[in-house]
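structure for this input, please:
(2 chains)
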2 protein chains.
Amino acid sequence: MKNWRFVGFDDSFRISSTVSDLKGEKAVIVGCVTSGFYPEGFMVDRIEVDGDDSTDKMIRMVKRSKFHVQLKCIFLSGLTFGGFNIADISRIAEETGIAVVVVMRKKPDFSSIKHALCSANLEDRWLLIEKAGEVFNVGELFIQKAGCTLEEAKKFIRLSVKDAKIPEPLRLAHMVASAIVHGESKRG
Amino acid sequence: MKNWRFVGFDDSFRISSTVSDLKGEKAVIVGCVTSGFYPEGFMVDRIEVDGDDSTDKMIRMVKRSKFHVQLKCIFLSGLTFGGFNIADISRIAEETGIAVVVVMRKKPDFSSIKHALCSANLEDRWLLIEKAGEVFNVGELFIQKAGCTLEEAKKFIRLSVKDAKIPEPLRLAHMVASAIVHGESKRG
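From the prediction side, this is the model:
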């Protein structure tokens, strides 16, 4: 079987005292394309910390990619990028025509997120969290999904994980984003 | 056998009409660390186009890396980074204590390089090219080396090449540097 192509997005930015101090600053967002778990390409862009451009930027990066038509799944490292720049996963799935799977190592603490959004006067963004739907437990991971069934999401993860717990495109995107911002990546 | 760790360095920068117009501008230099051919980390820094800081920057990146003591070989994508920012491979090998192997897909055209250096009033840098020593043909590649034998260099290449012709750390460093500068990497 020919390997399926995936893309994984993760972000990185410098935190000063609090995230909110950085409002208007830029975070780096990196997409890594793999064939199975073999890295085939990278994309780099910038999004606004606490802004609302992460969804549009990821849609644009995917659509512009030379690999667009071959991608089977878009993995996200969480729903939130650059602080509270929250991804609208159903819109990403609709506008790209590709399944979206959010992969988290821990079960998200929604009450803390809701409290933090309210404290930052961003309670309207809670709707995007709710819209992302149910959190499913898959092995040691927690996922949300759009544009695919739970069984399909499990298959995408199985075909993209190598020696780590998370899909390779996410592991690599994390390392590259971190290296761009901090000079050297943290351990993947 | 436990996989050996390698690092590969490649650069990218925007070319306007000629490279020399960019003197003083910055090029991106990326290091990718692999265990065999499995990517384990990235480093990102900047060097001056047509400057003379590539050697010092790579030495510093290697020495600062959490993987420093485990690295068996430093692969370079060529002798020249950021235009005519030429690497002194024997100094890199001496100061890091790690073998250096320059990997090229084509045999370097030294007469053209010498002519270009003279045209740019950088003829003193020709000494670094000469100092890098003999070019050896290894399979479809051409290499120069410092701090190791030809047999060791061949082994480093054999243990770091996967599906591509060049070592994985170089292929990945190339893609990431290109994505940082151009938004999306060229094919690896």
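
could you tell me which residues of chain A lie near chain B?
When proximity is defined by Cβ under 8 Å from any Cβ of the partner chain, chain A lies next to chain B at A:30, A:38-45, A:61, A:64-66, A:162-163, A:172, A:175-176, A:178-180, A:183-185, A:187-188. C-beta coordinates here come from the backbone N, C-alpha and C atoms, glycine included.

where does chain A have low pLDDT?
Scanning chain A for pLDDT under 70 picks out A:1-2, A:16-24, A:187-188.

tell me the contacts of the spatially most central residue of it?
Closest to where the C-alpha atoms of chain A average out (Cα atoms, centre = their mean) is A:L76, at 2.1 Å. A:L76 makes contacts with A:8-9, A:58, A:87, A:89, A:100-103, A:170, as judged by Cβ atoms under 8 Å, 6 or more residues apart in numbering or on different chains.

narrow the residues you listed to those in helices?
A:58, A:89, A:170 (DSSP state H).

and for the first one, the neighbour number?
Around A:M58 there are 28 other residues, counting by other Cβ atoms under 10 Å in any protein chain shown.

return the residues in contact with it.
A:9, A:29, A:31, A:74, A:76, A:87, A:92.

show me which of those is closest to chain B.
Chain B lies nearest to A:G31 out of these, by Cβ to the nearest Cβ, at 8.5 Å.

which SSE is A:D56 in?
helix A:54-64 (DSSP states H and E).

and the helix or strand just after that helix, which strands flank it?
Proceeding N to C from helix A:54-64, the next assigned helix or strand is strand A:71-76, under DSSP H and E. Strand A:71-76 sits in its sheet next to strand A:5-12 (parallel), strand A:99-104 (parallel), going by DSSP bridges.

show me the strands in chain A, by range?
A:5-12, A:26-35, A:38-48, A:71-76, A:80-81, A:85-86, A:99-104, A:136-138, A:141-146 (DSSP state E).

which one of those lies nearest to A:A116?
Each of the strands of chain A has some distance to A:A116 by Cβ to Cβ; the shortest is strand A:80-81, at 9.7 Å.

tell me which residues are up against that closest one.
A:9, A:11, A:27, A:29, A:47, A:54, A:86-87, A:113.

partner strands of that strand and their direction?
By DSSP bridges, strand A:80-81 pairs with strand A:85-86 (antiparallel).

what's the strand it pairs with in contact with?
By Cβ under 8 Å, 6+ apart, strand A:85-86 touches A:27, A:47-54, A:79-80, A:125, A:128-129.

any idea what A:L76 is bridged to?
Going by DSSP bridges, A:L76 forms beta bridges with A:F9, A:V102.

just put the strands paired with strand A:71-76 in TSV and tack on distance to B:E151 and mean neighbour count.
As requested, those are exported to TSV (distance: least, Cβ to Cβ, whole Å; neighbours: other Cβ atoms under 10 Å in any protein chain shown):
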stretch	distance to B:E151	mean neighbour count
strand A:5-12	38	27
strand A:99-104	43	24
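
how about those in JSON lines, adding distance to B:G133?
Below are the strands paired with strand A:71-76 laid out as JSON lines (distance: least, Cβ to Cβ, whole Å):
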{"stretch": "strand A:5-12", "distance to B:G133": "40"}
{"stretch": "strand A:99-104", "distance to B:G133": "48"}
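
of the ones you listed, which is nearest B:A120?
The nearest among these, by Cβ to Cβ, is strand A:5-12 at 36.7 Å.

tell me how far the closest residue to A:R125 other than its chain neighbours lies from A:D52.
In space, and not counting its chain neighbours, A:R125 is closest to A:I86: 5.1 Å by Cβ to Cβ, 6 or more residues apart in numbering or on different chains. As judged by Cβ to Cβ, to the nearest Å, A:I86 and A:D52 stand 8 Å apart.

list residues touching both of the two?
A:R125.

the two: who's more crowded?
Each of A:I86 and A:D52 has its neighbours counted (other Cβ under 10 Å); A:I86 has more, 26 against 16.

for chain B, see how far away that one is.
23 Å (Cβ to the nearest Cβ, to the nearest Å).

surely A:V28 touches A:F9?
No - using Cβ atoms under 8 Å, A:V28 is not in contact with A:F9; the gap is 10.9 Å.
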